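Participant: sequence and predicted model, in that order:
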Amino acid sequence: MAIRAIRVMGDSVLNKKCKEVKEVNDRTKVLIDDMIDTMREANGVGLAAPQIGVLKRIVVIETEPENVHVLINPVILEQDGEQVGYEGCLSVPGKSGVVKRPNHVVVKAFDIDMNEYTLEGEGLLARAICHECGHLEGELYVDLVEGELIDNEELERMYEDEEDEE
Amino acid sequence: MEKTNIRALVLEALLLIDVEKEYSHKVIDMALEKYSYLSKADRGFFSKVVHGVVEYRLQLDDIIKKYNNGKRVKPVIREILRMSVYQMLYMDRVPDRAVINEAVNLVKIKRLQGLTGFVNGILRKISSEKEELKFDDLSIRYSMPELILNIIRDNTGEYFNETLEYFLNTGHLSIRVNTSKSSVEDVIKDLEAENINVKRSKLNSDILYITGFDRVDDIEVIKSGKCYITDTSSSMISKVLRVRDIKKCVDVCAAPGGKSFLLADKLDKSSKIYSCDVSENKVELIRENAKVQGFSNIIPSVADARIFDERFSDADLILADLPCSGIGIIGKKPDIKYRLEEEGLKSLSNLQKEILDNVSKYVKKNGELIFSTCTLNKAENEDNMLLFLKNHKDFKAVDLTERMDKETIKMLEESELKNGYMKLIPGRDNCDGFFIAVFRRDND
């Protein structure tokens, strides 16, 4: 078990398409454990393998504490509804932006024993599934942002300027 | 994907309110819509802290000033201190240790590492001494600027302290049953089926007080138009209404429509109700709400209440619920108390007078004019009423005791009712502060 370094935007690994997982061996299991640790340490609700530099179709999601979903080779089967809200990414630190996502998705994936299962998600879980599956295609949410990406530091400077004028 | 840090969200909202001067209820609504996936607990925490920090701002700043020797701090640090002190004083659910840790964490997120010690120190000190905090000054205790405090004192008499308490602890939402769509009993059953707590208002049997729900917009009886969010205070208009012989009625400042729906519910369905406001946006809002409520006799119309408009002549009833200082609704919109100034109050009185003078021309003989505000300020209420009666000799105040049952009269002030008006006082009536006066145009 270990915490691995999270790659940030600009790192080309984040723009590449990931490869299918053929079998889960001991190395894959260690990778998945590390992904979970890294996600928790970074205060995330989801993490995709390319975010720690591994180009494999693996995603971990934990939108509710202690309920981790491991999705290997995930495929979104259905999506409907709509939710519009702010989203942030561990690979794009300090920023957030408004992204429109389906409010309900059904995804097919394999678990850690390579058994196929389907997972249904609403609200935050649906958002996280879409966000993480995007990573496997080399996509970042910043390309989907409506309006501007908010930079927290910029916001901060704005408030301080105001203070100086008083 | 990154987790939404609910405390960072609170901080952002507070900065919008304090630095960008946005209204807190708007910021809360906006954020809850944007972050619709937040859990019920997170949404509740967010609303309570943002509303509470604005509500208690004077008191929180007074405490912080004492422990900070009056030094000025950056807006970000000021808001972090305010939200933390508020939680330590008014939210038992989060232990102080956790509040302080989260505060320090926020300072780090904002990349102000150099100030973690300062924030940690001041919050620890306040936490250890909070039981001894005393507020002798009423303005600090109730976080109410002196100007407003004095107006409330002059207008609530023996219910002064209770009124200030009510503003800080409203705690329920008041909804009115659209009796054209459903009975009160059926609505109560529907609400209880959704696990929502219901209490009935003593003053108006159509009004229910509800608590324990998550999102207002998700409540079935509201979605279906069986109920509309209306405070007991403004619902009292239905008690003073002369129902018979009303064919044409104009609600001159109607958006978002609550009082027009109350009229439509109580008046004959063949009556026409012109529901007016100044902008197309506001009128669109009335149109949408009227559709949900199911009233086809409401005619949403863009109109400026200060300017004579031929369409509204020969009306049997004019409802003039006018722009006002809003002192009666400070419990719901705490921003109001920090924004009012003497100048603004005066110009509001003048605006009300101007509107009353104009809309009184629409009232036909034997027709009536209802004047109401959601404020507790004699200069806007009683003074304007007397001035109106003095300048318009053809109008007389209506004896309201003739329109109400004995039980209701007992709960209010009989001498006021006899003289054509009523005041709703939060500390006595457990509702917003409100004023209603009714005038009739003579037959001759």
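Facilitator: Cool, the structure landed. Residues are numbered from 1 along each chain as shown, chains lettered A, B, ... in the order given.
Participant: wait, does the lowest-mean-pLDDT helix or strand in chain B contact chain A?
Facilitator: Every helix and strand in chain B was compared by mean pLDDT, DSSP states H and E; the lowest is helix B:24-34, with a mean of 88. Yes - for helix B:24-34, a contact with chain A is found by Cβ under 8 Å from any Cβ of the partner chain, at B:Lys34. The way it works is simple: take the backbone N, C-alpha and C, and place the C-beta from them, glycine included.
Participant: tell me the gap between the longest strand along chain A and the middle of its chain.
Facilitator: Criterion DSSP state E: the longest strand present in chain A is strand A:67-80. Remark: strand A:67-80 is offset 12 Å from the chain centroid, using Cα atoms, centre = their mean, to the nearest Å.
Participant: re earlier: kindly export the least confident helix or strand of chain B (C-alpha atoms) in CSV.
Facilitator: The C-alpha atoms that make up helix B:24-34 are tabulated as CSV, following Å, rounded to 0.1, in the frame of the first residue of the first chain:
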residue,chain,number,x,y,z
SER,B,24,-27.6,35.8,1.4
HIS,B,25,-30.8,34.0,0.4
LYS,B,26,-30.0,34.4,-3.2
VAL,B,27,-26.4,33.1,-2.7
ILE,B,28,-27.8,30.1,-0.7
ASP,B,29,-30.4,29.2,-3.4
MET,B,30,-27.8,29.6,-6.2
ALA,B,31,-25.3,27.4,-4.5
LEU,B,32,-27.8,24.7,-3.6
GLU,B,33,-28.9,24.6,-7.2
LYS,B,34,-25.3,24.4,-8.5
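Participant: and the next element down the chain from that helix?
Facilitator: helix B:40-55 (DSSP states H and E).
Participant: how about that following helix: buried residues?
Facilitator: Residues B:42-43, B:45-55 are the ones in helix B:40-55 that count as buried (16 or more other Cβ atoms under 10 Å in any protein chain shown).
Participant: now distance to A:Ile72 too, for these, in a markdown table please.
Facilitator: Formatted as a markdown table, the buried residues of helix B:40-55 follow (distance: Cβ to Cβ, whole Å):
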| residue | distance to A:Ile72 |
| --- | --- |
| B:Asp42 | 30 |
| B:Arg43 | 33 |
| B:Phe45 | 35 |
| B:Phe46 | 35 |
| B:Ser47 | 39 |
| B:Lys48 | 41 |
| B:Val49 | 40 |
| B:Val50 | 41 |
| B:His51 | 45 |
| B:Gly52 | 46 |
| B:Val53 | 45 |
| B:Val54 | 48 |
| B:Glu55 | 50 |
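Participant: give the rounded mean pLDDT of whichever strand in chain B runs longest.
Facilitator: Criterion DSSP E: the longest strand present in chain B is strand B:363-373. Strand B:363-373 shows a mean pLDDT of 97.
Participant: return the distance of the helix or strand containing B:Glu407 from the chain's centre.
Facilitator: Using DSSP H and E, the element containing B:Glu407 is helix B:406-411. Here the centre of helix B:406-411 is set off from its chain's centre by 25 Å, with Cα atoms, centre = their mean.
Participant: need the contact list for the closest residue in space to B:Cys276 that isn't next to it in sequence.
Facilitator: Of all residues not flanking B:Cys276 in the chain, B:Ala303 sits nearest, at 4.2 Å (Cβ to Cβ, 6 or more residues apart in numbering or on different chains). Taking Cβ atoms under 8 Å, 6 or more residues apart in numbering or on different chains, we find B:Ala303 in contact with B:Val252, B:Tyr274, B:Cys276, B:Asp277, B:Val278, B:Asp309, B:Arg311, B:Phe312.
Participant: in strands only, show me these.
Facilitator: Per DSSP E, the contacts of B:Ala303 map to strands at B:Tyr274, B:Cys276, B:Asp277.
Participant: which single one of those residues is nearest to chain A?
Facilitator: Nearest to chain A among these is B:Asp277, at 27.8 Å by Cβ to the nearest Cβ.
Participant: can you give me the strands in chain A?
Facilitator: Assigned by DSSP E, the strands in chain A fall at A:46-48, A:58-64, A:67-80, A:83-89, A:92-101, A:104-110, A:116-122, A:146-151.
Participant: can I get the CA coordinates of the fifth one in PDB?
Facilitator: Backbone C-alpha positions of strand A:92-101 (Å, rounded to 0.1, in the frame of the first residue of the first chain) are rendered in PDB as follows:
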ATOM      1  CA  VAL A  92      -6.400  20.200 -12.000                       C
ATOM      2  CA  PRO A  93      -5.600  21.500  -8.500                       C
ATOM      3  CA  GLY A  94      -7.100  24.700  -7.200                       C
ATOM      4  CA  LYS A  95      -9.700  25.100  -9.900                       C
ATOM      5  CA  SER A  96     -13.300  24.200 -10.500                       C
ATOM      6  CA  GLY A  97     -15.800  24.800 -13.200                       C
ATOM      7  CA  VAL A  98     -19.500  24.200 -14.100                       C
ATOM      8  CA  VAL A  99     -20.100  20.900 -16.000                       C
ATOM      9  CA  LYS A 100     -23.300  19.500 -17.300                       C
ATOM     10  CA  ARG A 101     -23.600  15.700 -16.700                       C
END
